[in-house]
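Participant: Next input, structure requested:
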Amino acid sequence: MKKALIIGAAGFVGSYLARELWENHHMEVHVSKLPQEKLRIEYAHVHDLDILHKDEVAGLLYEIRPDYIFHLAAQSSVSIAWKNPGLTVDVNIKGCIHVLDAVRELFYKPRILLVGSGEEYGQIRANEVPVAEDNHLRPGNLYAATKACQNMIGNIYAQAYDMDLLMVRSFNHIGPGQAPAFVVSDFCRQVAQIEAGIQQPVMYVGNLEARRDFTDVRDVVRAYALLIQRGQAGETYNVGSGHAYAIREVLDLILSLSAADIRIETDPNKIRPVDVPVIEADISKLHQAVGWRPFLPLVQTLRETLDDWRARVKG
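Facilitator: Alright, predicted model coming up:
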């Protein structure tokens, strides 16, 4: 049985990926979390780890000796990156280097998947949509810049040290359990609170004209599992739906799932200093490599996310 280690599993994606690896790929699953985080996955071995301490990373790798390493640990909120750029640089760049250096010192070569972001492409021009992996990178925010740097570091380590690693640029992934710092989860939380009488029937939103590529998190982790087994080392793959929706379209779909009479107002605090108009993935390279396509429709994901928030609001 192959061993998999998910670094940074206490975030949104970790438990979904652990389930995918255990149920559909029959791996022995190990996951890491920060000491202060709470995480319980009944079919996974849970370990405390702070990637800002390289010795801890090396110690855990020696203990587990994983065949596959999924590097999910990141400060992944664009809004938080604007507010705390130092933390974002430390976790997303220094933390990645600590993981790669620890792997480099092992006496064998595990396969590594570095998870980046579609935000790395930044200011995508009209003639570049949908955007392919070899497109020029023009990061438009601090989070995107750190993820672009992570991808470059991964390429350098793969070539300089013959490491067995590959990279993904994941576009917006959504689903039940996501933190409200992300737009779809925030919309669903507000609707659930309005329905429960906790919030006045006014939804506060940011830029509704931006177009984003949304994919269900369960489809995303399916792509990760396939890529780490069958993807080509040294390559970068887009993971997305291949279709961009205006944020306004997504909001309208969420509102259609509720009977509440809700007014929409713009909150200046939700407007980013710089916002990219359109981000849409070209997923042909991923499909050709492992045969992956997204399966779950957007409206199903939105309905399940809203139902999840309804349950959370009720306590």
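Participant: mind checking which helix or strand of the protein has the lowest mean pLDDT?
Facilitator: Averaged element by element with mean pLDDT, DSSP states H and E, the chain has its least confident helix or strand at helix 78-83 (a mean of 87).
Participant: Flag the shaky bits of the stretch 101-250 of the chain, pLDDT-wise.
Facilitator: Counting by pLDDT under 70, the stretch 101-250 of the chain contains no low-confidence segment.
Participant: quick one on the thing from earlier: so how far is the least confident helix or strand of the chain from its chain's centroid?
Facilitator: Its chain's C-alpha centre lies 15 Å from the corresponding centre of helix 78-83 when counted by C-alpha atoms, centre = their mean, to the nearest Å.
Participant: Would you confirm that residue 98 contacts residue 57?
Facilitator: Yes. Distance between residue 98 and residue 57: 5.3 Å, which falls inside the contact criterion (C-beta atoms under 8 Å). C-beta here means a position set from N, CA and C on the backbone, and glycine is covered the same way.
Participant: The two: which has the busier surroundings?
Facilitator: A side-by-side neighbour count of residue 98 and residue 57, using other C-beta atoms under 10 Å, places residue 57 first with 24 against 20.
Participant: got the contact list for residue 121?
Facilitator: With C-beta atoms under 8 Å, 6 or more residues apart in numbering as the criterion, the residues that contact residue 121 are 128, 131, 135, 137-138, 144, 169, 276, 279.
Participant: To clarify, my last question referred to residue 162.
Facilitator: For residue 162, the contacting residues are residue 109, taking C-beta under 8 Å, 6+ apart as the criterion.
Participant: Offset the numbering so it begins at 24, please.
Facilitator: Understood, numbering begins at 24; the last thing we discussed is residue 185.
Participant: Next, find the distance separating it from residue 127.
Facilitator: Separation of residue 185 from residue 127 (C-beta to C-beta, to the nearest Å) stands at 10 Å.
Participant: pull the longest helix from the protein.
Facilitator: Counting residues, the longest helix found in the chain (DSSP state H) is helix 165-184.
Participant: Return the list of helices and strands in contact with that one.
Facilitator: Contact here means 3 or more C-beta pairs under 8 Å, 6 or more residues apart in numbering; DSSP states H and E; on that basis helix 165-184 packs against helix 101-106, helix 108-112, helix 118-127, strand 134-140, strand 188-193.
Participant: Tell me which of those sits nearest to residue 63.
Facilitator: Smallest distance to residue 63 across the helices and strands packed on helix 165-184 (C-beta to C-beta): 22.4 Å, for strand 134-140.
Participant: As CSV, could you dump the C-alpha coordinates of that closest one?
Facilitator: As requested, the backbone C-alpha atoms of strand 134-140 are provided in CSV (Å, rounded to 0.1, in the frame of the first residue of the first chain):
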residue,chain,number,x,y,z
ARG,A,134,6.8,12.2,-5.6
ILE,A,135,5.7,15.7,-4.7
LEU,A,136,2.7,17.8,-5.8
LEU,A,137,3.0,21.6,-5.2
VAL,A,138,-0.4,23.3,-5.2
GLY,A,139,-0.4,26.7,-6.8
SER,A,140,-3.2,29.0,-8.0
